[in-house]
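**Q** Return atomic coordinates for the entry below.
(2 chains)
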Amino acid sequence: MSGHSNLLSWILWMPIIGVLGTLLIPRSKETMIRVWSLLNTVVTMGLCAVLYMKFDITQPGMQSFFTIKMPWIKQFNIFYHLAVDGISLPMILLTSLLFFICILSSWTIKKQIKGYFALLLFLQSSVFGVFLAMDFFLFYVYWEVMLIPMFFLIGIWGGENREYAAVKFFLYTFFGSILMLVGMVALYFMTGQGVDSFNILALSGGQFTDKTVELFGFVLPFAKVFFVALFIGFAIKVPVFPFHTWLPHAHVQAPTAISVILAGVLLKMGTYGFLRIAFPIFPSASVYFADAIAWLGLINVIYGAFCAMAQNDVKKLVAYSSVSHMGFVMLGLAAMTVQGMNGAVLQMFNHGTSTAMMFLLIGILYERSHHRWIIRPDGTKGFGGLYTQLPKYSIVFIIAMFASMGLPGLSGFISEALIFLGIYERFTTITVIAVVGLLLGAAYLLWMFKRMFFGEVIEECKSYTDMNAREIFYMTPLCIAVIVFGVWPSPLLNMMKASVGKLVSLLASFS
Amino acid sequence: MALRYLASISHYIPEMLLCLTMAGLILIESTYGREVKGRAKGMVYAGAYLGLLATFVSLFKTMGTEPLQIFTGSIVIDSFGTLAKMVMVVGTAAAIYLGRQSLDIYEEVKSEFVILAIGVLIGGMLIVSANNMLIFYIGIETLSILSYVMASLKKNDERSSEAGLKYSLYGGITAGIMLFGMSHIFGVLGTIQFNEVIPAMAALTKTQSLIIMPAFVLFFAGIGYKIACVPFHMWSPDVYEGSPLPVTNFFSIVPKIAGVVALVRITNTFFGGDTSIVRETWVCLLMIASALTMTVGNVSAIGQRSVKRMLAYSSISHAGVMLLGVLVIDDLGARAILFYAVTYLFMTLVAFFITSFVQDHYGNDHFERFNGLISKHPLMSILMITVMFSLAGLPPLSGFVAKFNILAAIIAKKYYVLAVIAVLNSVVSLYYYLKIVRIMVFKDAESDETIPGFGFSNQLVITIMTLPVLLLGIFWEKLVVIAGGAKIFIQ
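**A** Coordinates of the predicted model:
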């Protein structure tokens, strides 16, 4: 394909136009603010659809048709460099879809609507920035900028303990990313400050394999030391086991839409970081640490599942299930095989849709019940017999739950199966234990479902109304995605195949 | 000889202008001060701004000119020093503005504040361009003695008097120590000229090098005290708290920037091309000092109840970050420091301005006074949030770029451990900067009353000062070029 397109810039800046618009609309015109934000996300979705149409799935690596590269700071060779490939495209599509749905689900927000929608759209732009930036500096800027709207969105519109959760989230992720900053600057000087010193694509390929670094008088391999620095940065975001403690707090306190974004998109930024930065730049170190990554992933799967099982707060349960599911992604990454990696990227997308559904459904229920206890702290049941009271709601819930569980025919199954196929040969023990994690997943979800939806209808639940038209409307695309990609995943797989294959062959040459 | 002196004066116009301004202001104040208070004060302010503006313009004109030594080599005029002086002039002008608005400075000593501030500025400009130990010492003393007076401007207040006393006692001791170190250096090297130190040191034997090392440590104590780096920082929290707020604001900008910039010049002149054991000691000293300064400053800032005190500790930690740019001893470090100085100036000014108006209204500046500020003064709160995030080093604000430049300078020299210490410190600092953001945004206001200090003109000034913080975060290429072009003149 010849020619050139500014489409990526439009996608990146469209939400900012939305922010400016919301700021200009007077505070009192609440519906107008909502409609404007919605229209803005619709336009963004349209742009992303165009991107999908024009995307050439046969081409591995970045698509030159869309690449935009302009100098930003010449002294440091920093560029405004946007590009898209088969790994980032699914994430971009997911982002545009989820933000559209989140705007719809935030229709009921009452407090300071103007600020809320402005921050939400600002967040969208920075998320796009992370997935589109191919300049390490630009990537870092967006990676950090994203924390600011998140901090306020959790801190102002969150639950009771929102301040603590917001600060914890901010500090944790800031800690991770700041280590990445050191790694980034070290790479810059290691490559000799040339034109491509911040170019993620040019840094890739394992040129740092033989370099060394001196720390406290010890000579250590450069790649391994800085792989660890980047790993911590991304692992906090995923979150990988010892760094996961911010997640339950942030999820429980965040308003529904923000939980959806957090689980649906932001967690994927961590694994995207591995795929885009840590693995391609340090392939030798990635291969070296593959065992460790796989074990950490396994801990995530099992530990997350057990934690989820112990929760009485249904939102916390789903939050821990995210920890468990992101463990599968880590396993797929550690496999470094074609199936494993494809499975990981597919799981990133599928988890985005299924968890988003779960959080949205919990949000819908919360608007009616104003609590989320499966079992209240005083031992009584929080919900009971919802199935008879809310039939439509229950059907959607079942779809979401089964998708999340990995039931064949729904999207989660395909990606998990691919991941297991990919890792079986290399990590047989881990695979066997991880399958238990799948079983645990089914256990905690079904157990939760049993306690909430079956049994005697408790008095409180009788007054709940079923899903309204708006709620059904925004759940529909996700339901379709979950079912369609469960039986026919090839559109997604074809999209990512070429790019993932390129990464796998790079890693294979180092193992 | 006399002719050469006259020729030197022609290159020394900015400082002369300031001296004239100061003398003129003293005359105005002592002539009219008693009778027509209002008009005299107006004249003092007009005179001060006029003098500062003239100084700024003449500094601006010298920016591009060839570097040279004047007054028989005791003073260096180069673009590095000139840029730093411009930053200091802007800082002084802003501090004077705040001094006029603030209620923390008594009505009858407002003009004294102006005069003293200009005096400190002259001292600061002297040490920034000193090329000779005696000039450097005179500069430090000019700056210090006037600072002691400024600290105790609130005459009836016990804490202010305590601040002045503490400052002067501590300052007197360190000045003595520094002078002792200088005499030692002179004894071994036989010169007090900065630029003659390198050749003199090259001729030293190993034993002589060992002898001179402690002398440099003593010399460092004098500068370290001025920029409040650990372990010479003990005075600063009390002095910063006891002094009136505009004075604290002034202290955390002008003397600090002057000290750091002078330290850069000294370090680069002494140890620029040199790889002796003395250089190693000096770098090691700076490394320990900067790591300690960042850490102690940040950790102490966490527990503070008063915003002013928190900002004082945060300025200690920022001095630590700037020391990182000193210890690399190269152009990259010098450039990073100048960039840092410019951004630090605006961030600090905005933070202190807002705190000052809040304090004037409530009588104290505890964190609770900021509760729910965003509902009463949204613009001011957003600007405060911006500078807090910028101080913590979050992109896309200028504080991040400044930190990035410093990090780049030290990582280029492969000081990875120091880099990690620095970035971990910025996580710690984010915690206390977030505290104020949190209080302003998440808490409910104590009452509906607005703060009268935030009038239109004050809001305008604060907004204008925040613009560089925002713009330099994105369009920072120009400033990097300017700062990079401002080279230190080493013969």
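
**Q** What residues sit buried inside the lowest-mean-pLDDT helix or strand in chain A?
**A** Ranked by mean pLDDT, DSSP states H and E, the helix or strand of chain A with the weakest confidence is strand A:212-215, at a mean of 82. Neighbour-count burial for strand A:212-215 flags A:Val213 (criterion: 16 or more other C-beta atoms under 10 Å in any protein chain shown). (Each C-beta comes from the backbone N, C-alpha and C, glycine too.)

**Q** Okay, now the sheet partners of it, with direction.
**A** strand A:218-221 (antiparallel) (DSSP bridges).

**Q** in the strand it pairs with, what's buried?
**A** Going by 16+ other C-beta under 10 Å, strand A:218-221 has these buried residues: A:Pro221.

**Q** now for the very next helix or strand once past it, which elements pack on it?
**A** Downstream of strand A:218-221, the next assigned helix or strand under DSSP states H and E is helix A:222-237. Helices and strands touching helix A:222-237, by 3 or more C-beta pairs under 8 Å, 6 or more residues apart in numbering or on different chains; DSSP states H and E, are helix A:162-190, strand A:212-215, helix A:267-273, helix A:283-288.

**Q** Tell me which stretches of chain B form strands.
**A** B:68-70, B:75-77 (DSSP state E).

**Q** my bad, chain A
**A** Using DSSP E, strands in chain A cover A:68-73, A:78-82, A:212-215, A:218-221.

**Q** worst average pLDDT in those strands?
**A** Here these differ in mean pLDDT, and the lowest is strand A:212-215 at a mean of 82.

**Q** what's the neighbour count on A:Val127?
**A** 30 (other C-beta atoms under 10 Å in any protein chain shown).

**Q** Just give the nearest non-adjacent residue to A:Leu132, would you?
**A** Once flanking residues are discounted, A:Leu132 sits nearest to A:Leu82: 4.4 Å by C-beta to C-beta, 6 or more residues apart in numbering or on different chains.

**Q** That neighbour and A:Met357, how far apart?
**A** 30 Å (C-beta to C-beta, to the nearest Å).

**Q** What of B:Leu424?
**A** 39 Å.

**Q** out of these two, which sits in the more crowded spot?
**A** Set side by side, B:Leu424 and A:Met357 show more neighbours around A:Met357, with 26 against 17, by other C-beta under 10 Å.

**Q** so the more buried one touches A:Ile395, yeah?
**A** No: counting by C-beta atoms under 8 Å, A:Ile395 is not a contact partner of A:Met357; they are 12.0 Å apart.

**Q** Got the confidence number for B:Gly473?
**A** pLDDT, B:Gly473: 89.

**Q** Could you tell me how many residues sit around it?
**A** 22.

**Q** residue contacts, it?
**A** B:Gly473 sits next to B:Ser390, B:Pro395, B:Pro396, B:Leu397, B:Ser398, B:Gly399, B:Phe400, B:Val401 when contact means C-beta atoms under 8 Å, 6 or more residues apart in numbering or on different chains.

**Q** one more time with 7 Å, if that's ok
**A** Going by C-beta atoms under 7 Å, 6 or more residues apart in numbering or on different chains, B:Gly473 touches B:Pro395, B:Pro396, B:Leu397, B:Ser398, B:Phe400, B:Val401.

**Q** List just the nearest of those residues to chain A.
**A** Nearest to chain A among the contacts of B:Gly473, counting by C-beta to the nearest C-beta, is B:Pro395 at 4.2 Å.

**Q** what's that closest one sitting at in phi/psi?
**A** phi -70, psi 160 (degrees, to the nearest 10).

**Q** Please verify my assumption that it contacts A:Met146.
**A** No: applying C-beta atoms under 7 Å as the test, B:Pro395 and A:Met146 come out as separate, 10.3 Å apart.

**Q** Average pLDDT for stretch B:205-224, rounded please.
**A** Stretch B:205-224 comes out at a mean pLDDT of 86.

**Q** quick one: contacts of it?
**A** B:140, B:174-175, B:177-178, B:180-182, B:184-185, B:188, B:204, B:232, B:259, B:262-263, B:276-278, B:281-282, B:285, B:289.

**Q** so of those residues, which ones are in helices?
**A** Per DSSP state H, helices hold the following members of these: B:140, B:174-175, B:177-178, B:180-182, B:184-185, B:188, B:259, B:262-263, B:277-278, B:281-282, B:285, B:289.

**Q** Now, of these, which are buried?
**A** B:140, B:174-175, B:177-178, B:181-182, B:184-185, B:259, B:262-263, B:278, B:281-282, B:285, B:289.

**Q** thought A:Ala400 was touching A:Thr355?
**A** No: judged on C-beta under 7 Å, A:Ala400 makes no contact with A:Thr355 at a distance of 8.5 Å.

**Q** Now do the closest residue to chain B within the stretch 251-400 of chain A against A:Leu153, distance only.
**A** Among all residues of the stretch 251-400 of chain A, A:Gln253 sits closest to chain B, at 11.7 Å; criterion: C-beta to the nearest C-beta. If you measure A:Gln253 against A:Leu153 using C-beta to C-beta, the figure is 11 Å.

**Q** do the same with A:Met348
**A** 22 Å.

**Q** Among the two, which residue is more densely surrounded?
**A** Set A:Met348 next to A:Leu153 and count neighbours by other C-beta under 10 Å: A:Met348 wins out with 30 against 24.

**Q** Contacts only, for the more buried one.
**A** Contacts of A:Met348 (C-beta under 7 Å, 6+ apart): A:Met91, A:Lys268, A:Thr271, A:Val329.

**Q** Can you give me every residue that contacts B:Ile490?
**A** With C-beta under 7 Å, 6+ apart, B:Ile490 has these contacts: B:Asn195, B:Asn268, B:Thr269, B:Gly272.

**Q** Excluding sequence neighbours, find me the nearest residue to the last one.
**A** Leaving aside its sequence neighbours, B:Gly272 sits nearest to B:Ile490 (C-beta to C-beta, 6+ apart; 5.6 Å).

**Q** pLDDT wise, what is that neighbour at?
**A** pLDDT recorded at B:Ile490 is 76.

**Q** and B:Phe232, how many neighbours does it have?
**A** With other C-beta under 10 Å as criterion, B:Phe232 counts 21.

**Q** Kindly report the residues of the stretch 351-500 of chain A close to chain B.
**A** Counting by C-beta under 7 Å from any C-beta of the partner chain, none of the residues of the stretch 351-500 of chain A come close to chain B.

**Q** Could you report the distance from A:Val504 to chain B?
**A** 31 Å (C-beta to the nearest C-beta, to the nearest Å).

**Q** need the longest helix for chain A.
**A** Chain A, longest helix under DSSP H: helix A:338-369.

**Q** Ramachandran coordinates for the closest residue to B:Val481 other than its chain neighbours?
**A** Using C-beta to C-beta, 6+ apart and skipping residues adjacent in sequence, the residue nearest B:Val481 is A:Gln75, 6.7 Å away. Main-chain torsions, A:Gln75, degrees, to the nearest 10: phi -60, psi -40.

**Q** pretty sure A:Gln75 contacts B:Glu477?
**A** Yes: the pair A:Gln75 / B:Glu477 is scored as a contact, 6.3 Å apart, by C-beta under 7 Å.

**Q** For B:Gly259, which residues are in contact?
**A** Neighbours of B:Gly259 in contact, by C-beta under 7 Å, 6+ apart: B:Ile223, B:Lys226, B:Ile227.
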